[in-house]
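Novice: Could you look at this predicted model? Sequence included:
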Amino acid sequence: SHRDYWGWWPLLPLYPYGHRRTLRRQLVANQLWAFEQLQGLFAVAVPIRMTVLKLRQGLLLYAPVAPTPECLELLRELEVAHGPVVTIVHPTASGLEHKVAVPAMARAFPAADLWVAPGQWSFPLRLPLSWLGFPASRTKVLFDQGLPHGDQLDWLPLGPVPLGPGPFFEACIFHRATGSLLVTDGLISVSDQRPELLEQDPRPLLFHGRDSGSEPMDDTEERRQKGWRRLVLFACYLRPQAVDQVLNRFPFRWRPGWQQDFEAISRQGALQVAPILEELVFPRHRFLMGDWLQRCAQLPLTQVVPAHFEAP
């Protein structure tokens, strides 16, 4: 359908490529919404989420997703009821999957200010943000050039930590009116509850729910659940210990006992530091996460809204 088409998908060719269905969910009545799409590699698809906050001045978009016609139509409906989009926040320095949609979202709302996390980088060359499509006249750097809506939001920096060609940094938001903490990749919660978007498009579940490439992709509850558990492990670890090989006609061969690995990471939906960050980023910088968590614990916090997996 043309309504879910994302024309810039070749910039970062991730599943489901040019067609990104958008699911809008109300998290707090008339104040907080989630806009969710699927995104992944090798059919390892998980939700990616933009959070929309209602402020006194209008709407704030946190971690934009692909602005397909369907997504923009759902946003325009909120604008009619709750005021214009006044602020767009790109909250991470290192997540290309979060960055790629930001310039197009900024063009869709030319009156909105764009705030980005410090330490932005590009590959293979480090280029000015304006060369990457970020509007120079409206783009400001969080913390370096101020913090918007300080009368309604608390800003919690997580980072910086040197990581490859660019730093790891997240600009997290505490929304006082709802007691909601908005994060990007730092915290997650996973369980056996499958995302609604994967229920609507179960192909990734059925593909990874097989034990060999010769098995048909029959649509059964057992296969959907097995596929979801495997998607979680691969998305959280990149190369789970239970994966025997990945470079074959059938990409992933799982060793016996992989189900216990899922139970260990799920802990029935407990909030946790994303394992990939805990392994790659924080081993030598645990004090950063510890200090950040302590600060979060002092807030009148009621819920956490991450950019992936379950929310709130």
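Specialist: Ah, there it is. Residues are numbered from 1 along each chain as shown.
Novice: only C-alpha atoms for contact and neighbour calcs from this point on.
Specialist: Noted.
Novice: Now do the same contact list for Arg267.
Specialist: Ser191 (Cα atoms under 8 Å, 6 or more residues apart in numbering).
Novice: could you redo the last one with a cut-off of 6 Å?
Specialist: Applying Cα atoms under 6 Å, 6 or more residues apart in numbering to Arg267 gives no contacts.
Novice: can you check the one 4 residues further on too?
Specialist: Counting by Cα under 6 Å, 6+ apart, Leu271 makes contact with Ile188, Ser189.
Novice: Tell me where the stretch 201-312 of the chain has helices.
Specialist: 203-208, 221-237, 258-266, 275-280, 286-297 (DSSP state H, counting those that start in this stretch).
Novice: Switch the ones you listed over to CSV; also include distance to Pro128.
Specialist: Formatted as CSV, those follow (distance: least, Cα to Cα, whole Å):
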stretch, distance to Pro128
helix 203-208, 37
helix 221-237, 30
helix 258-266, 39
helix 275-280, 27
helix 286-297, 28
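Novice: Return the most buried member of those.
Specialist: When you average the neighbours per residue for each of the helices of the stretch 201-312 of the chain (mean count of other Cα atoms under 10 Å), helix 203-208 leads with a mean of 23.
Novice: what mean pLDDT does it have?
Specialist: Helix 203-208 comes out with an average pLDDT of 92.
Novice: State the three-state secondary structure for Pro67.
Specialist: coil (DSSP: H, G, I helix; E, B strand; the rest coil).
Novice: give the contact list for it.
Specialist: Met105.
Novice: Need the pLDDT of Thr51.
Specialist: With respect to pLDDT, Thr51 has a value of 98.
Novice: element containing Tyr171?
Specialist: That one is not Tyr; residue 171 is Ala. strand 166-175 (DSSP states H and E).
Novice: shaky segments in the stretch 51-200 of the chain?
Specialist: Residue ranges of the stretch 51-200 of the chain with pLDDT under 70: 122-125, 160-167.
Novice: Would you mind measuring from Phe169 to His90?
Specialist: Going from Phe169 to His90 by Cα to Cα, to the nearest Å gives 11 Å.
Novice: about what we covered before: comparing the helices of the stretch 201-312 of the chain, which yields the minimum mean pLDDT?
Specialist: Among the helices of the stretch 201-312 of the chain, helix 275-280 scores lowest, at a mean of 77.
Novice: rewinding a little: just so I know, which of the helices of the stretch 201-312 of the chain lies nearest Pro84?
Specialist: helix 286-297 (29.5 Å; Cα to Cα).
Novice: what's the angle from that closest one to strand 166-175?
Specialist: 10 degrees (axes from the mean of the first three to the mean of the last three Cα atoms, to 10 degrees).
Novice: In CSV, could you pull the C-alpha coordinates for helix 286-297?
Specialist: Taking Å, rounded to 0.1, in the frame of the first residue of the first chain, the C-alpha atoms of helix 286-297 are listed here in CSV:
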residue,chain,number,x,y,z
ARG,A,286,29.7,0.7,34.7
PHE,A,287,29.8,3.8,36.9
LEU,A,288,28.0,5.7,34.1
MET,A,289,25.0,3.4,34.1
GLY,A,290,25.1,3.1,37.9
ASP,A,291,25.0,6.9,38.4
TRP,A,292,22.3,7.2,35.8
LEU,A,293,20.1,4.5,37.4
GLN,A,294,20.5,6.2,40.8
ARG,A,295,19.3,9.5,39.4
CYS,A,296,16.3,7.8,37.7
ALA,A,297,15.5,6.1,41.1
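Novice: can you list contacts of that helix?
Specialist: Against helix 286-297 from outside (Cα under 6 Å, 6+ apart): no residues.
Novice: Could you measure from the residue of the chain most remote from its centre over to Leu72?
Specialist: Largest separation from the mean C-alpha position in the chain: Ser214, at 33.0 Å (Cα atoms, centre = their mean). Distance from Ser214 to Leu72, counting by Cα to Cα: 41 Å.
Novice: ok, now Arg224?
Specialist: Counting by Cα to Cα - Arg224 and Leu72 are separated by 30 Å.
Novice: Repeat that for Gln259.
Specialist: 39 Å.
Novice: what sits against Ala101?
Specialist: By Cα under 6 Å, 6+ apart, the neighbours of Ala101 are Val65, Ala66.
Novice: of all the helices of the stretch 201-312 of the chain, which lies closest to Asp4?
Specialist: Asp4 lies closest to helix 203-208 among those, at 17.4 Å (Cα to Cα).
Novice: Can you give the contact residues for the closest one?
Specialist: Applying Cα under 6 Å, 6+ apart, the external contacts of helix 203-208 come out as Ala43, Met217, Arg223, Arg224, Gly227, Trp228.
Novice: Of those residues, just say which sits nearest to Leu142.
Specialist: Ala43 (34.0 Å).
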